[in-house]
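[1] any chance you could fold what I've pasted below:
(chains A, B and C)
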Amino acid sequence: MQMGQWLARVREERPLVHNITNLVVTNVAANTLLALGASPVMAHAHEEVADMVAIARALALNLGTLDPYVVTSMDLASEAANRRGVPVVLDPVGAGATPYRTRAAMRLLETRNIQVLRGNQGEIGVITGAGGEVAGVDAKAAGTGLADAMMRFARDGGLVVAATGERDLVTDGEVVYELENGHPWEAAITGSGCSLTAVIGAFVAVSDGTKGGLLEATVAAITCFNVAAEMAAEGASGPGSFQVRLLDALHAITPGDVDARARIRKG
Amino acid sequence: MQMGQWLARVREERPLVHNITNLVVTNVAANTLLALGASPVMAHAHEEVADMVAIARALALNLGTLDPYVVTSMDLASEAANRRGVPVVLDPVGAGATPYRTRAAMRLLETRNIQVLRGNQGEIGVITGAGGEVAGVDAKAAGTGLADAMMRFARDGGLVVAATGERDLVTDGEVVYELENGHPWEAAITGSGCSLTAVIGAFVAVSDGTKGGLLEATVAAITCFNVAAEMAAEGASGPGSFQVRLLDALHAITPGDVDARARIRKG
Amino acid sequence: MQMGQWLARVREERPLVHNITNLVVTNVAANTLLALGASPVMAHAHEEVADMVAIARALALNLGTLDPYVVTSMDLASEAANRRGVPVVLDPVGAGATPYRTRAAMRLLETRNIQVLRGNQGEIGVITGAGGEVAGVDAKAAGTGLADAMMRFARDGGLVVAATGERDLVTDGEVVYELENGHPWEAAITGSGCSLTAVIGAFVAVSDGTKGGLLEATVAAITCFNVAAEMAAEGASGPGSFQVRLLDALHAITPGDVDARARIRKG
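    Residues are numbered from 1 along each chain as shown, chains lettered A, B, ... in the order given. As a prediction, this is how the structure comes out:
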């Protein structure tokens, strides 16, 4: 796979990504999309989410600071997205931490067509039935057999599943990719996973929507983001400067940087 | 016009600006006001917005992530502001993107006395009837005849209208100013327009409230912010470092910097 | 008191702190906790706050952008925290600015066991009956007799009270500590007080829960945060770079730095 070309396509088409995300990362997710060359919009009013989906090319849902109003926002937005063929990316932040969050994630997965599910290994372990312990929104070591459970879940549900962590696993149910880019600083700032979810939205927005296209777009999005994180970490003095440099790197990164540094293994 | 003196007055009087703004920029808008030398407060509870307006010297409303609760907050706050003579600045983020946002903006303009309306050229084009296409909250090229439509709208409504972009247009219905300061990086970060709206709040707060005073305050606010952006861009390596340097520049900028760099043309 | 050992304990135990905080600082508070070595979670849905408290080791409540939904969230969460013995830290942002905020703060103090109350001198003055004027959320000079009023309030209520400002006062009703660390830049950014409240949550989480332990944990938290602020200020060029460097410093600061620079006086 040539990953760099995906970044070029995002910058060329500048897709509008509609985010319904949590209160912690709204600013960071918007800035991440802008820095990379995509176009963000945030909207959660029941009165407008379907209209916003109608002009967007992807919908990114993040359960980070859920409440009943936002649950309904996501319900309405994803219904409209499914009707219009707009791809939906779901980030089940904190699934496993409380029954409310786990149920909200499962309900969206059961009642809507989700194209990509991305979480940390703990969250994905809970949702795919592999086990894993989730304390708050931090991932503990995911249960064993995560890749197997992910493949089964992806195949049964017809979606792409990504579990990110020190190494990232991505599968469409047929093949598993193991991605080795990234930097430990990513875990020292809030919202790096949530921003990545928004970035996956931008990449699937420029895909052809087939299972193969969604899989490759997801792998490319994670790889681009993580290569930018590696570039940002060079010269960072801590989580504050890393965060600033990450936005700079997302803006500066070239398709050539991505291809030169990508470390992707087919499992 | 001597623009620098407006900045000096803001720092001397340190006006409290009550913001009801969107979830993406709450932090950035508050930090922008603090960096410049004004005092921010954010409050949206129906139970307290009128009380907060009563101790504030300006009210800044931003429609960026509207929902019915916040629509009512703005309704109550602007009603109290009108009753008390507190100037109201309105930022119709995303007007034209969805009917819900357009209606919310129009309704505030029809039922309340708004002193300053500021948006990007697409949003202002939609509201003033000049046309213009709005995708999400990004401005596409505004329709032609924007300045004419703005003048008509400003004259009919008795308010100041500002459309910001590569060049900024500001009018009170009689005269149009064209402002040429600013830097392309401003479009690469989220919330620069929203922060500018909050800054306009701080400047109109120290004006005499006349039409001429509001016009000059708005021109001064945009010029100060954009000169700070130019200063911040020198040495920035991307949108992340630009954002950090912008707060530093808003704090460091002097009235002399503003006067030396202001590029204002009377249309 | 050896303050540095408290920081070491936080990093070793990495306590989960459940925050119900305001819209301005959600991101900053989460990043502050992560940078320091603690684990943040934000959750406000009525359906899940009790479940989240059950896996957390401290609950930090911040009244900064209150509304009726969040008031109930705090009510439910603090009830669960009291039942489970999870320490509660309360930050009465803007108490005195509007009756709504003052009442919300007083009601929590009257109906729940709050272990630590932290605010600026104006807010604490209003709550403890010492007087003080609050404009927005900025502290004006607190009324005289603040330390006396704080001692009385702390003794009567059986809690630790902290009033931060140029100098910070902390008391359990028996003894008053005067803390002299910190830097004026802290007042030039939004959320430094709110982040400090979250940090106090992390420190009381690793205390033994006795009055003496809570007092020492609070003194240690404020001292660590303020020493980090001093370190961050060296080399900062304004509020933007100070904010970035503060996260870096919170990550880099060692127990030895804290002990070497702590300036604590027993009143």
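[2] name the element A:Val161 belongs to?
    Assigned by DSSP states H and E, A:Val161 belongs to strand A:160-164.
[3] what average pLDDT does that strand get?
    Strand A:160-164 comes out with an average pLDDT of 97.
[4] same check, this time on stretch A:234-249
    97.
[5] following the lowest-mean-pLDDT helix or strand in chain A, which helix or strand comes up?
    Across the helices and strands of chain A, mean pLDDT, DSSP states H and E gives its lowest value to strand A:138-139, namely a mean of 46. Note on strand A:138-139: by DSSP H and E, the next helix or strand toward the C-terminus is helix A:146-157.
[6] so which residues of the stretch 1-150 of chain A form strands?
    Applying DSSP state E, counting those that start in this stretch to the stretch 1-150 of chain A gives strands spanning A:16-20, A:39-42, A:58-62, A:88-91, A:116-120, A:134-135, A:138-139.
[7] neighbouring strands of the third one in the sheet, and parallel or not?
    Read that as strand A:58-62. Sheet pairing here is set by DSSP bridges, and for strand A:58-62 it gives strand A:16-20 (parallel), strand A:88-91 (parallel).
[8] that older thread, which one of the strands of the stretch 1-150 of chain A lies closest to A:Ser192?
    Nearest to A:Ser192 among these is strand A:116-120 (10.3 Å), distances taken as C-beta to C-beta. Backbone N, C-alpha and C define where each C-beta goes, glycine included.
[9] what pairs with A:Leu61 across the strands?
    A:Ile20, A:Leu90.
[10] how near is it to C:Leu36?
    Here A:Leu61 is placed at a distance of 30 Å from C:Leu36 (C-beta to C-beta, to the nearest Å).
[11] pLDDT below threshold where in the stretch 151-267 of chain A?
    The model of the stretch 151-267 of chain A has no residue with pLDDT under 70.
[12] chain C contacts on that one?
    A:188-191, A:237-241, A:243-244 (C-beta under 8 Å from any C-beta of the partner chain).
[13] report the two of the residues you listed separated the most.
    Applying C-beta to C-beta across those, the maximum distance is between A:Gly191 and A:Ser237, 19.5 Å.
[14] looking at these two, which is more packed in?
    Using other C-beta atoms under 10 Å in any protein chain shown as the criterion, A:Gly191 and A:Ser237 rank with A:Gly191 on top: 26 against 15.
[15] which residues sit in contact with that one?
    Residues near A:Gly191 by C-beta atoms under 8 Å, 6 or more residues apart in numbering or on different chains: A:24-25, A:28-29, C:27, C:30.
[16] grab the two from those residues that are most spread out in space.
    A:Ala29 and C:Ala30 (13.6 Å).
[17] these two - which one has more neighbours?
    In terms of neighbours (other C-beta under 10 Å), A:Ala29 is the more surrounded of A:Ala29 and C:Ala30; the figures are 29 against 26.
[18] number of residues surrounding the nearest residue to the more buried one once chain neighbours are set aside?
    Leaving aside its sequence neighbours, A:Ala29 sits nearest to A:Ala198 (C-beta to C-beta, 6 or more residues apart in numbering or on different chains; 4.3 Å). Counted with other C-beta under 10 Å, the neighbours of A:Ala198 add up to 29.
[19] element containing A:Ala198, please.
    helix A:192-205.
[20] for chain A, which residues are neighbours of chain B?
    Looking at chain B, the residues of chain A close enough under C-beta under 8 Å from any C-beta are A:16, A:18, A:23, A:26-27, A:30-31, A:34-35, A:39-48, A:51-52, A:55-56, A:69, A:243-252.
[21] quick check: A:Leu246 vs A:Arg152, distance?
    Taken as C-beta to C-beta, the span from A:Leu246 to A:Arg152 is 34 Å.
[22] and the helices in the stretch 1-150 of chain A, which stretches?
    Per DSSP state H, counting those that start in this stretch, the stretch 1-150 of chain A carries helices over the ranges A:4-13, A:26-36, A:49-55, A:68-84, A:99-111, A:121-128, A:146-157.
[23] figure out which of these is closest to B:Ala229.
    helix A:26-36 (15.3 Å).
[24] could I have the CA atoms of that closest one written out in PDB?
    Taking Å, rounded to 0.1, in the frame of the first residue of the first chain, the C-alpha atoms of helix A:26-36 are listed here in PDB:
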ATOM      1  CA  THR A  26     -13.500  19.600  20.500                       C
ATOM      2  CA  ASN A  27     -10.800  22.100  20.000                       C
ATOM      3  CA  VAL A  28      -7.900  19.700  19.400                       C
ATOM      4  CA  ALA A  29      -9.900  17.500  17.000                       C
ATOM      5  CA  ALA A  30     -10.900  20.600  14.900                       C
ATOM      6  CA  ASN A  31      -7.300  21.900  14.900                       C
ATOM      7  CA  THR A  32      -6.000  18.500  13.900                       C
ATOM      8  CA  LEU A  33      -8.300  18.300  10.900                       C
ATOM      9  CA  LEU A  34      -7.400  21.800   9.800                       C
ATOM     10  CA  ALA A  35      -3.700  21.300  10.300                       C
ATOM     11  CA  LEU A  36      -3.800  18.100   8.100                       C
END
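[25] which helices and strands sit right next to it?
    Counting contacts by 3 or more C-beta pairs under 8 Å, 6 or more residues apart in numbering or on different chains; DSSP states H and E, helix A:26-36 is packed against helix A:4-13, strand A:16-20, strand A:39-42, helix A:192-205, helix A:239-252, helix B:239-252.
[26] mind checking the SS state of A:Arg265?
    strand (DSSP: H, G, I helix; E, B strand; the rest coil).
[27] contact partners for it?
    A:177-180.
[28] among the residues you listed, which ones are in strands?
    Applying DSSP state E to these, the entries found in strands are A:177-179.
[29] and these as TSV, adding neighbour count?
    TSV is the format used below for these (neighbours: other C-beta atoms under 10 Å in any protein chain shown):
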residue	neighbour count
A:Tyr177	21
A:Glu178	15
A:Leu179	21
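[30] and which of the residues you listed is nearest chain C?
    Relative to chain C, the closest of these is A:Leu179; by C-beta to the nearest C-beta it sits at 23.0 Å.
[31] hmm, that closest one is touching A:Val227, no?
    No. Look at A:Leu179 against A:Val227 with C-beta atoms under 8 Å: they stay out of range, at 10.1 Å.
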